[in-house]
Structure formats: C-alpha cells, structure tokens
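**Q** With the input below, show me the fold.
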Amino acid sequence: MTWWMWLVLIIAAIAIFVAGCVYAVLRGLSALRSMGGTVSAISSAVDAMNDPGAATDAGHTASFALPLSQVARRYEDTRIDIERRRARNHMMHRRIWRNWDRTSIPESLTDTGFEPSSAPMPMDRASTRKASTVSDARDGRHQ
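**A** Numbering: from 1, shown residues only. The predicted structure follows:
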C-alpha cells in the first residue's frame, strides 16, 4: 500500500475513535440525567419511610390491635366478597358454555362452505425430494 492509503486509514481510525468517545460521553450524560430523577424519587420515598411522624392510614390497623368483633366482621366481609367474585366467575363460565351449546358445530368441511377442490394439496419436502430423485434416476442423472 502506498503512504497516502495508510494516512487515510489512520485518519479514519482516529475519526471513528473520536466519534465513539463523543457518543459514549453523550450517552453517559443522558444516563446521569435520568438517574438523577430516579435517585431523587427514591430518596424522597426513603425519607418518608424513615419519618416517624408521618401520618399512617387509619383504616389499616393491624388485626391483633383491634377488638375481636371488628376483626371477625372484616374477615366475614372479605369472605363474602370472595364468594361473590367466585359466583360471578361461575355465572360467566356458565353463560359462555350455554352460548357454545346453542351454536351449531359443523359436521364436515362442506358445512362451512369450504371447497376442498380449490385448496392446494399439501406436499412435504420428503415427497418432493423423492419424486425428483426418482425422475433424475430415470433420466440417468445422479446428484
């Protein structure tokens, strides 16, 4: 190679190296900006957890700190909600099956309006390979 080709290759290599460094610096600055927002959100959440004077939700008192009658009522309400949800799911399931029972399932492809004569015949690769090998052998050609 001539000297000027080497010069072009070295200049191209330096340009690619500089472009890679610029790209890495720009991506790093972008990551720092997005990470700064994440860090501030996490630090505010951690500060709120560490603040003992923060107001807690009064509706979520531990069950062992409540009278037994209140705990039993909560349990009963929860069980009623669970049973309602199960009954709703069961009724939906029954509706779907009832709908399927009402619709007719075709007995054959002709009941669907499909014309088998218009469909292409399926061929697997092995059957086409065998056919071409047999015809090649008849013609005296070998692979």
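
**Q** in what helix or strand does C21 lie?
**A** Counting by DSSP states H and E, the element that carries C21 is helix 3-50.

**Q** per-residue confidence averaged over that helix?
**A** Taken as a whole, helix 3-50 carries a mean pLDDT of 91.

**Q** cool, and stretch 70-81?
**A** When pLDDT is averaged along stretch 70-81, the result is 94.

**Q** So what touches that stretch?
**A** For stretch 70-81, contacts defined as Cβ atoms under 8 Å, 6 or more residues apart in numbering pick out S63. Glycine gets a C-beta too; all of them are placed from N, C-alpha and C.

**Q** Distance from that stretch to the middle of the chain?
**A** 36 Å (Cα atoms, centre = their mean, to the nearest Å).

**Q** buried ones in it?
**A** When burial is assessed from 16 or more other Cβ atoms under 10 Å, stretch 70-81 yields no buried residues.
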